[in-house]
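S.K.: Quick one, structure for this:
(chains A and B)
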2 protein chains.
Amino acid sequence: MKELTIVKIGGIVIDQEENLKQFLSDFCELKGHKILVHGGGKLADQLSQKLGYKVKLIDGRRITDESAIKVVTMVYGGLINKQIVAALQGFKCNAMGLTGADANLILSHKRPDRGIDYGYVGDIDHVDAVGIQALLEQGITPVFAALTHDGQGNLLNTNADTIAASLATAASHLFNVRLIYCFEKKGVLTNISDDDSIINCLSYEHYQELRKSGTIAQGMLPKLDNAFETIGHGVKEVIICYAGDLKKITLDKESLGTKLEF
Amino acid sequence: MKELTIVKIGGIVIDQEENLKQFLSDFCELKGHKILVHGGGKLADQLSQKLGYKVKLIDGRRITDESAIKVVTMVYGGLINKQIVAALQGFKCNAMGLTGADANLILSHKRPDRGIDYGYVGDIDHVDAVGIQALLEQGITPVFAALTHDGQGNLLNTNADTIAASLATAASHLFNVRLIYCFEKKGVLTNISDDDSIINCLSYEHYQELRKSGTIAQGMLPKLDNAFETIGHGVKEVIICYAGDLKKITLDKESLGTKLEF
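M.R.: Modelled structure (predicted):
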């Protein structure tokens, strides 16, 4: 099977123009088939605020109402996605910007109301790995925004970490998949305020212990749950690392970031 | 050669939700390969206004400055494009939303400053008809927003009528192309305030006469210039018609709208 690298890029990197540019230039140098998945950073919140929309929260959880899905469709699906695509094209990477609605690549359903109605938020049901393979084999590098659809005409807001994990799992039947989560920290830390407290190798058992003891910060838990699940489903390698280290890890084979072990 | 229908949908139809829905449902019923091209309607102006950006005009011509290209990328490339794609998917048409930057399908250059600097406006240099053919043969219906790129990392605002015409011309080497411009009038009118003054068949010579005499309204001239050029370059049929008549013309073979003759 051919190699496929799926890279997810987090919000804070997207917000910093120069860092993003460097990251995209590094991403272009990755050999073989590749896919980029991005979230939206603070731009969506900033646009909402400028337009006078209030960010709706219930029990601290963000709600995607009618205004919010329009904003994220503009910001994730339009501005960020197409700017990334144009920049990658400028670096001679044949990128194509996509949401899950495009070519029906990622089908989801609206999260059911179990006490909280999250609004236009989608949980993924199906990824069309064969459709994605066809694009890859045309020399195209798909760039996914954090949006899916329900097949009934509705776009749905879907977590970018989850999209990356679902793409990785689905593609693992057709490719040797490596999944790399790039963000602003150097990896999974045992002490969130100490950048050098990186865990180089994290086994599933060790993760469960650190989870129980509360050592791993809350924001990392959904990312790690997603990531460990992909390994259980056939993904060959999962790395969580600093966006600026992508090239060192993939081209120079340096052991940076946190590597997960099942 | 296989048949390909390229349909361009104008701004006023896009602005009316119910009309757009009906139009998209009709578009889905078109047989064979098809492509949809859309502009942006008033939504981009409305968003600019809400964000406090002034629409810049020089000698009455609209300028696409840094703020304006961001707005049209959000509105054309994001909101409208992805809402159309999701709606088409809801009607079981396997749509894929694209700009010219995606997969490098439409390459353009920034319009040179000859007295007026139009800003981020692109004039088309190349359409990758083979790349589009590959998508069509995967059963995909491309939906193009009115954006192209310069291959140097910049998105450029490009007239949707021109995109439709350029796609038609480029594809005419690979397909029997029919180009249909759908808008809010019943066709090309000899009297803009009389909806029944439709010209059923318009030859190039007749057009030149009407142009000289000032009979055809100014807004129609670039559309018609574009359209006649495509016929000269191998496009089999060009029709300009009311969006609500698309199904009657294509499925029921009714002679509505204006048919161009070279």
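S.K.: Which secondary structure state does the residue of the stretch 51-200 of chain A found nearest chain B sit in?
M.R.: As assessed by Cβ to the nearest Cβ, chain B sits closest to A:Gly78 within the stretch 51-200 of chain A, at 1.9 Å. Placement of C-beta: from N, CA and C, glycine included. Three-state assignment for A:Gly78 (DSSP: H, G, I helix; E, B strand; the rest coil): helix.
S.K.: tally of neighbours for the spatially closest residue to it that is not a sequence neighbour?
M.R.: Spatial nearest neighbour of A:Gly78, chain neighbours left out: B:Gly78 (1.9 Å); criterion: Cβ to Cβ, 6 or more residues apart in numbering or on different chains. Burial of B:Gly78 is recorded as 30 neighbouring residues (other Cβ atoms under 10 Å in any protein chain shown).
S.K.: A:Asp59 too?
M.R.: A:Asp59, neighbours per other Cβ under 10 Å, totals 6.
S.K.: what's the offset of stretch A:119-139 from the middle of its chain?
M.R.: 13 Å (Cα atoms, centre = their mean, to the nearest Å).
S.K.: Equivalent analysis for stretch A:250-262, please.
M.R.: Worked out by Cα atoms, centre = their mean, stretch A:250-262 lies 18 Å from the chain centre.
S.K.: Which pLDDT value goes with the residue located most distally from the centre of chain A?
M.R.: Residue farthest from the centre of chain A, counting by Cα atoms, centre = their mean, is A:Gly52 at 28.0 Å. On the pLDDT scale, A:Gly52 is placed at 93.
S.K.: sec struct for it, please.
M.R.: A:Gly52 - assigned by three-state DSSP - is coil.
S.K.: Quick one: name the residues of the stretch 1-150 of chain A near chain B.
M.R.: A:47, A:50-51, A:70, A:73-79, A:81-83, A:85-87, A:89-91, A:94-99, A:101-104, A:131, A:134, A:138, A:140, A:147, A:149 (Cβ under 8 Å from any Cβ of the partner chain).
S.K.: correction: the stretch 151-262 of chain A
M.R.: A:151-155.
S.K.: Quick check on those: which are buried?
M.R.: A:151, A:153-155 (16 or more other Cβ atoms under 10 Å in any protein chain shown).
S.K.: isn't there a helix covering A:Leu20?
M.R.: Yes. With three-state DSSP as the criterion, A:Leu20 is assigned to a helix.
S.K.: Now for A:Ala165, how many residues are close by?
M.R.: 28.
S.K.: Ignoring the adjacent residues along the chain, who's closest to it?
M.R.: In space, A:Ala165 is closest to A:Asn226, 4.0 Å off (Cβ to Cβ, 6+ apart).
S.K.: which parts of the helix or strand harbouring that neighbour are buried?
M.R.: Using DSSP states H and E, A:Asn226 falls within helix A:220-232. By 16+ other Cβ under 10 Å, the buried positions in helix A:220-232 come out as A:220, A:223-224, A:226-231.
S.K.: ok, now stretch A:62-70?
M.R.: In stretch A:62-70, counting by 16+ other Cβ under 10 Å, buried: A:63-65, A:67-70.
S.K.: Strands of the stretch 151-262 of chain A, start to end?
M.R.: In the stretch 151-262 of chain A, the segments counted as strands under DSSP state E, counting those that start in this stretch are A:155-157, A:175-183, A:201-203, A:237-242, A:258-261.
S.K.: most packed of those?
M.R.: strand A:155-157 (a mean of 28; mean count of other Cβ atoms under 10 Å in any protein chain shown).
S.K.: which helices and strands does it pack with?
M.R.: helix A:66-72, strand A:147-149, helix B:81-90 (3 or more Cβ pairs under 8 Å, 6 or more residues apart in numbering or on different chains; DSSP states H and E).
S.K.: Contacts for the longest one, please.
M.R.: The contact list for helix B:81-90, computed with Cβ atoms under 8 Å, 6 or more residues apart in numbering or on different chains, reads A:73, A:77-78, A:99, A:101-102, A:104, A:147, A:149, A:151-155, B:20-21, B:24, B:27-28, B:36, B:38, B:95-99, B:141, B:143, B:145.
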